[in-house]
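[1] Task: produce atomic coordinates for the following.
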Amino acid sequence: MRAWHSVDCYNPPVPTDLNLDELKRRLREGDYLEISTGGGAYEVWAEPLASPPAIYYEGEQHPISELDRIAEKILAEMRSGQIRCRWVVDD
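    So this is what the prediction gives:
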């Protein structure tokens with residue numbers, strides 16, 4: 001069960017120096033990324049072993065082949081201050 005923590009020490013924001021390879025690796029390994037925008041929040045996650053393999057982004061299913069493009073977009077928006085991100089932890 002995923003738990004939402006309001007205390008940053010349990011669910012700290014993703015550092016702005018996060019690199020692209022780490023973001024892609026964590027998504028492929030099943031980690032959930034919460035993205036907060038000015039108007040709400042949504043989660044991003046990948047299911048590489050699903051049939052068909054997919055990544056879920058902005059409430060939609062995308063082919064896993066788009067993971068690189070989506071990860072690049074997330075990092076660019078995070079670095080420009082358009083979004084805030086945090087990893088969702090499982091309890």
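
[2] SS state for residue 18?
    At residue 18 the chain is in coil, as set by DSSP: H, G, I helix; E, B strand; the rest coil.

[3] What sits closest to it if chain neighbours are left out?
    Among residues not flanking residue 18 along the chain, residue 75 sits closest, at 6.9 Å (C-beta to C-beta, 6 or more residues apart in numbering). Heads up, the C-betas are built off the backbone N, CA and C, glycines and all.

[4] Can you tell me which helices and strands the host helix or strand of the one you found packs against?
    Under the criterion of DSSP states H and E, residue 75 resides in helix 67-79. Secondary-structure packing of helix 67-79 (3 or more C-beta pairs under 8 Å, 6 or more residues apart in numbering; DSSP states H and E): helix 20-28, strand 40-47, strand 54-57, strand 84-90.

[5] Could I get the contacting residues of the residue nearest the centre of the chain?
    Geometric centre of the chain, nearest residue: residue 33, 2.8 Å, by C-alpha atoms, centre = their mean. Contact analysis of residue 33 by C-beta atoms under 8 Å, 6 or more residues apart in numbering lists 14, 23, 26-27, 43-45, 74, 85-88.

[6] Does it lie in a helix or a strand, and which?
    strand 32-37.

[7] sorry, back to before: and the residue nearest to residue 18, what's its pLDDT?
    We have a pLDDT of 92 for residue 75.
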